[in-house]
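> Predicted model follows, preceded by the sequence.
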Amino acid sequence: MIDDLNLKRIREIPIFDVCSKLGISLYGMGKLTKRAKCWYHDDKHPSMHVNKKKNIYKCFVCGKGGDVIKLVQDYENKTFPEACDWLVNEFHIVLIDSEPLSAENSSKLNSKLNNSETNSVKFPSKAGSISVQSVQSVVPLSPDLVPRSLSLDSQFCKSAISAGYLTDSQLRHAAARYRLGCSKDGGVIFWQIDDQQRVRTGKIMYYQPDCHRDKERHPTWVHALMKDTLPPNFDLHPCLFGLHLLTLEQPTAGNSSKSNSKFNNYENNFGTNFAQFPSKAGPLPSAFTPQTSDFSPQTIAIVESEKTAIILSEKFPDFIWLSCGGLQMFKPELLEPLLQHRIIIFPDTDPQGEAFRQWTQVALDAQRLYKFRYSLRVSPLLEQHATPEQKEAKIDLVDFLFK
Ligand SMILES: [Zn+2]
């Protein structure tokens, strides 16, 4: 149930720190070994040896001992999953997701995609310090800006269809949900609307006919273009792209258009395996987190690019797909509105694993700063399954799936 990778990470939490957290007094001057009074019996003389190097404990009188999980289990009278859960929360462990997509399913999926006349597209695609801003005082842009801009005329919308990412109906559905706008010069407007439906800003981006970014044209921001017409006191507080979907849509999965036969099997196949851990009733998170029947949180998937969020929202509608708009934009405070949700983060990949490391670090920082209901999960899917060439090209999830 609990995968080995995460168990290993939990077992590596320094045992001296765990003892300290539990209020167990350690005696002795040794750097690697200390002693404690055994908690399994009345122990006047400290008989419990706690070994830092092996990260285990053992009583030399009664013989009981174990690792840090066993320690928490026995000392706190917890079950194994409860003890893991406690350690994850106390020590801010960011869970790395196990195989949400097995290699076998991944290749199955890829061959399915390759057989399904999807156009072949190849598409090449740093972490901030912790700071928490209060967004109570957000002065948003006028909400009228959004409906006025709504349009399918951007190069992005056209090419998402022509490049084979989405069907016409999928694009229409996604564009309506994400409220895609079009600028006068053909750029797509990715509005950043928060969970209280406040328009924080909009990012205008330019795409090529193959639905890859036009690198010649830099993204611009709506608030930057507005200049004099900005609301007084406007202070930019970016939010995750798609955040408004949290409150607009109740957690009913599968509300997306599934009418496109091409992806039906694909969805079923990928969906079940992929969604196994975070799905509404899925078994996996319960290994760490007891489920309550009165709470059915939506699962949030966070990716780097808006394009990825939009496309995958149609392919995997069980998730709410959000985008941070770029790794350098990904900050812990962006996750604050998501405290009650299950969250899985899909880093892009690169040859050195740098993106994965940075995304994980931001998740770690966020978990230190906020009390999440569920531990954040970071998917190593691309780290594990992307080829060296794909890593070289710094692909993201869409690139991987549409390869
Ligand atoms: Zn003992």
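Yes, it's here.
> Tell me the buried residues in the one helix or strand C84 maps to?
In the assignment (DSSP states H and E), C84 maps to helix 80-90. Neighbour-count burial for helix 80-90, counted by 16 or more other C-beta atoms under 10 Å, picks out P81, E82, A83, C84, D85, W86, L87, V88. Quick note: C-beta positions are derived from backbone N, CA and C, even for glycine.
> Close to the ion: what parts of the stretch 1-150 of the chain are there?
C38, Y40, C59, V61, C62 (C-beta under 5 Å from the ion).
> Quick one, which of the residues you listed are buried?
Here, 16+ other C-beta under 10 Å leaves C38, C59 buried among these.
> show me where pLDDT drops low in the stretch 301-403 of the chain?
Low-confidence segments of the stretch 301-403 of the chain, defined by pLDDT under 70, are absent.
> Name the helix or strand for the residue in it that the ion sits nearest to, please.
Closest contact between the stretch 301-403 of the chain and the ion, by C-beta to the ion, is at S375 (32.5 Å). Counting by DSSP H and E, no helix or strand carries S375.
> now do Q358
Using DSSP H and E, Q358 maps to helix 354-369.
> Does anything pack onto the helix or strand just after that helix? Which helices or strands?
For helix 354-369, the succeeding helix or strand toward the C-terminus, using DSSP H and E, is strand 377-378. Strand 377-378 sits against strand 95-96, strand 342-345, helix 354-369, with contacts defined as 3 or more C-beta pairs under 8 Å, 6 or more residues apart in numbering; DSSP states H and E.
> Tell me which strands strand 377-378 pairs with, and in which orientation.
Strand 377-378 pairs in its sheet with strand 95-96 (parallel), strand 342-345 (parallel), by DSSP bridges.
> Other residues contacting that strand?
Identification of contacts with strand 377-378 by C-beta atoms under 8 Å, 6 or more residues apart in numbering yields 94-97, 277-278, 342-345, 347, 356, 359-360, 363.
> which of the residues in the helix holding Q358 are buried?
Applying 16+ other C-beta under 10 Å to helix 354-369 flags 354-356, 358-367, 369 as buried.
> now do stretch 150-160
For stretch 150-160, by 16+ other C-beta under 10 Å, it's L152, S154, Q155, F156, C157, K158, S159, A160.
> Can I get it in CSV, CA atoms only?
Taking Å, rounded to 0.1, in the frame of the first residue of the first chain, the C-alpha atoms of stretch 150-160 are listed here in CSV:
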residue,chain,number,x,y,z
LEU,A,150,-13.6,35.9,-24.6
SER,A,151,-12.8,34.5,-28.0
LEU,A,152,-11.6,31.4,-29.9
ASP,A,153,-9.8,33.5,-32.4
SER,A,154,-6.3,33.3,-30.8
GLN,A,155,-3.6,31.4,-32.6
PHE,A,156,-3.5,29.2,-29.5
CYS,A,157,-7.1,28.1,-29.8
LYS,A,158,-6.8,27.5,-33.6
SER,A,159,-3.6,25.6,-33.3
ALA,A,160,-4.6,23.5,-30.4
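> would you list the strands paired with strand 377-378 in TSV and tack on mean neighbour count?
Output for these, formatted as TSV (neighbours: other C-beta atoms under 10 Å):
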stretch	mean neighbour count
strand 95-96	22
strand 342-345	25
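> So I320 belongs to a strand, correct?
Yes: according to DSSP: H, G, I helix; E, B strand; the rest coil, I320 belongs to a strand.
> Mind jotting down where the strands sit in the protein?
33-36, 48-51, 56-59, 65-66, 95-96, 181-182, 188-193, 199-205, 220-221, 299-303, 319-323, 342-345, 377-378 (DSSP state E).
> Include distance to P332 when you put the ones you listed into a markdown table, please.
Below are these laid out as a markdown table (distance: least, C-beta to C-beta, whole Å):
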| stretch | distance to P332 |
| --- | --- |
| strand 33-36 | 34 |
| strand 48-51 | 33 |
| strand 56-59 | 33 |
| strand 65-66 | 34 |
| strand 95-96 | 16 |
| strand 181-182 | 28 |
| strand 188-193 | 17 |
| strand 199-205 | 17 |
| strand 220-221 | 22 |
| strand 299-303 | 12 |
| strand 319-323 | 15 |
| strand 342-345 | 12 |
| strand 377-378 | 14 |
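> Select from those strands the stretch with the lowest mean pLDDT.
Ranked by mean pLDDT, the strands of the chain bottom out at strand 95-96, which scores a mean of 78.
> roughly how far out does it sit from the chain middle?
10 Å (C-alpha atoms, centre = their mean, to the nearest Å).
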